[in-house]
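S.K.: Let's see this in three dimensions:
(chains A and B)
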Amino acid sequence: MAEYTPLEKIRLQKVEELRAANVEPYPTRAERTHTSAQALAAFEADESQETNVTLAGRIRSMRPKGKLSFAHIEDGDGKIQLFLRVNEMGEERLAFFNKMFDLGDFVEATGTMMRTKAGEATLLVRDFKLLAKSISPLPADKDVTQADGTVVRYASLDDAELRARQRYADLAVNPDVRETFRKRAKLIKSLRAFLDERGFLEVETPILQPLYGGAAARPFTTHHNELEQDMYLRISFELYLKRLLVGNLEKVYEIGRDFRNEGVSFKHNPEFTQLEFYWAYADYLKVMELTEQMVAYAAEQVTGSTKVQFGEHELEFKPPWRRVEMRQGILDVTGVDIAEHATAEALFAAIREKMPKAAPDPKSTRGKLIDFLVGEYLEPTLIQPTFLYNYPRDISPLAKSIPDDALTVERFEGYVAGFELCNAFTELNDPLDQEQRFLEMGRDYEADDEEKHPLDEDYLRAMRYGMPPNGGFGMGVDRLTMILTDKHSIREVLLFPALRKEE
RNA sequence: GGGCGCGUAGCUCAAUGGUAGAGCAGCGGCCUUUUAAGCCGUUUGUUGAGGGUUCGAGCCCCUCCGCGCUCACCA
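M.R.: Numbering: from 1, shown residues only, chains lettered A, B, ... in the order given. Model prediction:
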């Protein structure tokens, strides 16, 4: 059971007193006629007319001043001031308001809009009603708008853990947090609109899967009792969405949750939102063009511009983005030409020769060594939106090889602000080649290696019916949200990020 | 998992190893145009938990818990 603080006990006492006085502290219905913004707009449109409104919101400040009181309430649109005087309601009623109402209470107020001596558009209250009593005080905060318009906060909830654990309190007292999640919603809506307009069909595929695949990650495992079988939460949508291409759906996409049983960091959460699309008869170059258009469109919808400030960087999303061929990019920053080293051993030796301080894992495959070079030396330089393309085959088991280059596949990743935003390729549609790749992957790892790619026989069966050539794409929606809202931790863009359980 | 750092009142934060404090919030008053309202008075702490060193620990040491940053991992 909850233990109440002295403050909470006082408020619980008030609840009792209210009920004793026949005032319901949690009435069923509200009678709001205007939001704060609507009331202000109606009043300011013509101040000579009487504007009568009923507002509802949470009390954020109270300034009782003898026979009159000021208060600010906040609703979904913002704050608005209430002005209560004995002239309108009598001393007893005003005293009741001052005594029984607290910061955090939801209240309804009816009256006429007016302007105070200080010039603030304010509701002169004739009557008021309690809508919901707040028992626990919200984290105290005070913010003051200076003459120059800047807002100074004197005390606020800024403990990162508490803000994430009690997001409801964070949202209640930090309007900018509400704004972040409005932008997130706008982003997802804009991605949908963009793809819908271009004839992509939104679909839903299983989250609970008998076999996981489409990425290299450890899954969350669970168990279906009746079927008596283990099941996995999906780590990607890829293999199910591509099955749909076999079914003659030419353009499909899904926005949803992926689950990966991996480490948590400023850019990783165990569950995260992914956008994937698959596009028949397109290749990775067409996907590249669609990607830059889509992200530029989203940036404009969310922020009003294709120029986005992220930390110290001003990012320009307007197409075309910079394109860097992986071999050339690595050559430029490290002096190592991966094309000259066809085996892991040769490449490892070349890396040690050019960069004695580099410490790649000696057991790495050639692809992992290349990945090491990219992550270590190239990624940090990719600040403006950039497509890095042509990846090593052995770390891309679902991508199609470049004609006449057995070691390289048609794959690109989009980088922004030094981290990976999206991943795409010309999809492998040759069932025999795919089977080989799965088997190769198996050989590259120990039998019990958690990164081992499980062989999905049903996926191969689907592919044998014939899969059209196609381009596929996956993007971390949380990461794009971070970039578009200038937040530097994934926790800031997730309403309820994963946290260790309390106590 | 490794390294570094943090944890003090409801909130934001102070406090050389020497009596745990301030502002806001709360509570009791005064106040008919306030907006960090003001003025007078006043309450609140297992200093994250446990152990140790010391005459004496919020402060030093150890263990644990939680969080942050970072490294590793994450095609």
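S.K.: now the stretch 1-150 of chain A, which segments are flagged as low pLDDT?
M.R.: Low-confidence regions of the stretch 1-150 of chain A, defined by pLDDT under 70, span residues A:1-3, A:140-150.
S.K.: Helices of chain A, residue ranges please.
M.R.: A:6-20, A:36-45, A:86-100, A:160-165, A:167-173, A:175-197, A:238-246, A:284-303, A:326-334, A:344-354, A:366-373, A:431-444, A:457-464, A:477-485 (DSSP state H).
S.K.: Rebuild the ones you listed as CSV, extending it with mean neighbour count and distance to RNA strand B.
M.R.: For every residue, glycine as well, the C-beta is placed using N, CA and C. Putting the helices of chain A into CSV (neighbours: other CB atoms under 10 Å; distance: least, CB to the nearest atom of the strand, whole Å) gives the following:
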stretch, mean neighbour count, distance to RNA strand B
helix A:6-20, 13, 5
helix A:36-45, 17, 13
helix A:86-100, 15, 5
helix A:160-165, 15, 3
helix A:167-173, 18, 8
helix A:175-197, 16, 14
helix A:238-246, 21, 8
helix A:284-303, 20, 14
helix A:326-334, 18, 11
helix A:344-354, 17, 14
helix A:366-373, 22, 5
helix A:431-444, 15, 7
helix A:457-464, 16, 12
helix A:477-485, 24, 11
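S.K.: Tabulate those helices in JSON lines, adding columns for distance to A:Pro137.
M.R.: Shown next, in JSON lines, are the helices of chain A (distance: least, CB to CB, whole Å):
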{"stretch": "helix A:6-20", "distance to A:Pro137": "6"}
{"stretch": "helix A:36-45", "distance to A:Pro137": "22"}
{"stretch": "helix A:86-100", "distance to A:Pro137": "15"}
{"stretch": "helix A:160-165", "distance to A:Pro137": "14"}
{"stretch": "helix A:167-173", "distance to A:Pro137": "10"}
{"stretch": "helix A:175-197", "distance to A:Pro137": "18"}
{"stretch": "helix A:238-246", "distance to A:Pro137": "48"}
{"stretch": "helix A:284-303", "distance to A:Pro137": "34"}
{"stretch": "helix A:326-334", "distance to A:Pro137": "54"}
{"stretch": "helix A:344-354", "distance to A:Pro137": "59"}
{"stretch": "helix A:366-373", "distance to A:Pro137": "51"}
{"stretch": "helix A:431-444", "distance to A:Pro137": "56"}
{"stretch": "helix A:457-464", "distance to A:Pro137": "55"}
{"stretch": "helix A:477-485", "distance to A:Pro137": "29"}
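S.K.: weakest of these by average pLDDT?
M.R.: Comparing mean pLDDT across the helices of chain A, the lowest value falls on helix A:160-165: a mean of 77.
S.K.: Run through who's touching that helix.
M.R.: Here helix A:160-165 makes contact (CB atoms under 8 Å, 6 or more residues apart in numbering) with A:139, A:157, A:169-170, A:174, A:177, A:491, A:496-497, A:499, A:502.
S.K.: List just the nearest of those to RNA strand B.
M.R.: Lowest distance from RNA strand B to the contacts of helix A:160-165 (CB to the nearest atom of the strand) belongs to A:Pro139, with 3.6 Å.
S.K.: That closest one contacts A:Ala169, doesn't it?
M.R.: Yes - contact criterion CB atoms under 8 Å: A:Pro139 and A:Ala169 qualify, at 5.8 Å.
S.K.: How about A:Leu208: what's its closest non-neighbour residue?
M.R.: In space, and not counting its chain neighbours, A:Leu208 is closest to A:Met231: 5.1 Å by CB to CB, 6 or more residues apart in numbering.
S.K.: need the contact list for the one you found.
M.R.: Contacts for A:Met231 (CB under 8 Å, 6+ apart) come out as A:208-210, A:221-224.
S.K.: Turn the buried ones among those residues into a named PyMOL selection, would you?
M.R.: Per 16 or more other CB atoms under 10 Å, the buried members of the contacts of A:Met231 correspond to this PyMOL selection:
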select buried, chain A and resi 209
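S.K.: And the strand ranked longest in chain A, what does it pack against?
M.R.: Counting by DSSP state E, the longest strand found in chain A is strand A:52-65. With contacts taken as 3 or more CB pairs under 8 Å, 6 or more residues apart in numbering; DSSP states H and E, strand A:52-65 sits against helix A:36-45, strand A:68-75, strand A:78-85, strand A:106-115, strand A:121-132.
S.K.: List the strands paired with it, with their directions.
M.R.: Using DSSP bridges, the strands paired with strand A:52-65 are strand A:68-75 (antiparallel), strand A:106-115 (antiparallel).
S.K.: Just the closest of the contacts of A:Met231 to A:Pro385, please.
M.R.: Closest approach to A:Pro385 among the contacts of A:Met231 (CB to CB): A:Gln209, at 32.6 Å.
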